[in-house]
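Colleague: I'll drop the sequence and a predicted model, then ask my questions.
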Amino acid sequence: MKNNILLTIILLLGVNCISESAHAGAYVRAISRKGTLVTQQIIAWTEEDNAPNPCKGESVCYVGPDVKYSAHPPGLYGTCMMSHNCIEAQSYNTAKEVAEAYNKAHPIPFTASFGIENEDASCVGLYYLTQQPTTAEHNGLIWPGSVCGIIPPENQTCDLAIPTTIDFGSLNSWQVAGQKKTITGTITCSVPATLLVTATSKNSQKPGVVSFSLDGGRTFVDSLTGKAEINDKDAFTGVEVPITGKNIADSFNFSVTLQKNGRIDAGNYSATEIIIANYE
């Protein structure tokens with residue numbers, strides 16, 4: 001009997017770019033920063049069916065994109081009250097209902113531009129606030145599962161492109177061990193830089209291992225795992241990738257080798273791998 005094995009790729013870049021395929025969570029990328037004006041984009045936001053809404057029971061709760069400062073959390077005033085990038089989420093029972101309501105109000109992928117307090121901002125993400133936003137208070141909390149994407153240096157703009165899946169196809173059990181697939185991605189930036197490209201499994205059961213599931217990520221099997229590499233080096237440790245700049249595309253390879261650790265039952269196996277590129 002045969003197994004169908006599919007790996008979904010999520011891409012996060014320090015100048016943050018993400019593929020539009022995601023597992024549970026909110027994925028936000030910074031597009032650009034010019035002084036105190038930040039442009040960012042919510043690429044994808046999905047939630048598990050029964051994930052709780054952290055806003056439930058509050059008298060008021062705002063949810064929207066904002067930036068994290070090195071000295072304090074965001075206050076959500078600029079993004080919510082000035083630029084109207086938020087929704088009120090206290091009336092929804094689950095996080096999935098919040099995501100659906102946000103997508104209805106601001107269809108995803110949603111690009112938002114807003115002013116920030118100062119240039120001492122480190123990353124962008126999805127936040128919530130259980131009070132009325134003001135310029136004096138900074139009590140925003142990162143939304144559960146949201147990734148905070150690093151803000152690029154002044155005038156830096158990057159784009160990342162790579163296939164969003166690795167499809168191993170249909171394999172007999174005896175064919176699984178050692179099967180290797182490679183995809184090629186490109187990073188294009190306006191300014192030269194060196195990025196550290198790493199990978200992690202969103203729901204890995206073991207550090208440094210690609211974990212596979214038969215039920216969409218709710219539980220994982222021990223009999224089938226994968227080894228991930230970037231440019232033939234361990235992907236979980238990371239590889240430095242020099243970026244030329246001047247909008248020239250620089251390539252890197254991402255590969256996964258399947259590992260058989262016991263009896264593999266027939267079925268449709270899937271995994272989600274996150275590739276992250278950050279400034280050093």
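Modeller: Yep, it's here.
Colleague: Every contact and neighbour count from this point should use C-alpha atoms.
Modeller: Will do.
Colleague: For stretch 225-241, buried residues please.
Modeller: The neighbour-count check on stretch 225-241 (16 or more other Cα atoms under 10 Å) flags 225-231, 234-236, 238-241 as buried.
Colleague: Of those residues, which is the nearest to residue 215?
Modeller: Minimum distance to residue 215 across those is 15.1 Å, recorded for residue 225 (Cα to Cα).
Colleague: Residue 140 is in contact with residue 74, isn't it?
Modeller: Yes. Counting by Cα atoms under 8 Å, residue 74 is a contact partner of residue 140 at 5.1 Å.
Colleague: More neighbours: those two, which one.
Modeller: residue 74 (29 against 25; other Cα atoms under 10 Å).
Colleague: What are the contacting residues of stretch 128-141?
Modeller: Residues outside stretch 128-141 that contact it (Cα atoms under 8 Å, 6 or more residues apart in numbering) are 55, 58-64, 72-77, 80-81, 127, 142-143.
Colleague: now with 7 Å?
Modeller: Here stretch 128-141 makes contact (Cα atoms under 7 Å, 6 or more residues apart in numbering) with 55, 58, 60-64, 72-77, 127, 142-143.
Colleague: neighbour-wise, which of those leads?
Modeller: residue 76 (31 neighbours).
Colleague: mind checking pLDDT for that residue?
Modeller: Listed pLDDT for residue 76 reads 94.
Colleague: Quick check: which element contains residue 101?
Modeller: Using DSSP states H and E, residue 101 falls within helix 95-105.
Colleague: tell me the strands in the stretch 151-280 of the chain, going along the chain?
Modeller: Per DSSP state E, counting those that start in this stretch, the stretch 151-280 of the chain carries strands over the ranges 158-161, 165-172, 180-189, 193-201, 210-211, 224-230, 233-234, 239-243, 248-260, 267-279.
Colleague: Need those strands in JSON lines (columns: distance to residue 106 and mean pLDDT).
Modeller: JSON lines is the format used below for these (distance: least, Cα to Cα, whole Å; pLDDT from 0 to 100):
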{"stretch": "strand 158-161", "distance to residue 106": "23", "mean pLDDT": "77"}
{"stretch": "strand 165-172", "distance to residue 106": "27", "mean pLDDT": "88"}
{"stretch": "strand 180-189", "distance to residue 106": "28", "mean pLDDT": "91"}
{"stretch": "strand 193-201", "distance to residue 106": "29", "mean pLDDT": "81"}
{"stretch": "strand 210-211", "distance to residue 106": "33", "mean pLDDT": "86"}
{"stretch": "strand 224-230", "distance to residue 106": "35", "mean pLDDT": "91"}
{"stretch": "strand 233-234", "distance to residue 106": "38", "mean pLDDT": "93"}
{"stretch": "strand 239-243", "distance to residue 106": "33", "mean pLDDT": "91"}
{"stretch": "strand 248-260", "distance to residue 106": "31", "mean pLDDT": "93"}
{"stretch": "strand 267-279", "distance to residue 106": "25", "mean pLDDT": "79"}
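Colleague: quick one, which of these is packed in tightest?
Modeller: Neighbour counts (mean count of other Cα atoms under 10 Å) averaged over each of these peak at strand 210-211, with a mean of 28.
Colleague: thinking again about what came up before, go through the contacts of stretch 128-141 and say which is closest to residue 196.
Modeller: Using Cα to Cα, those come closest to residue 196 at residue 142, 24.1 Å.
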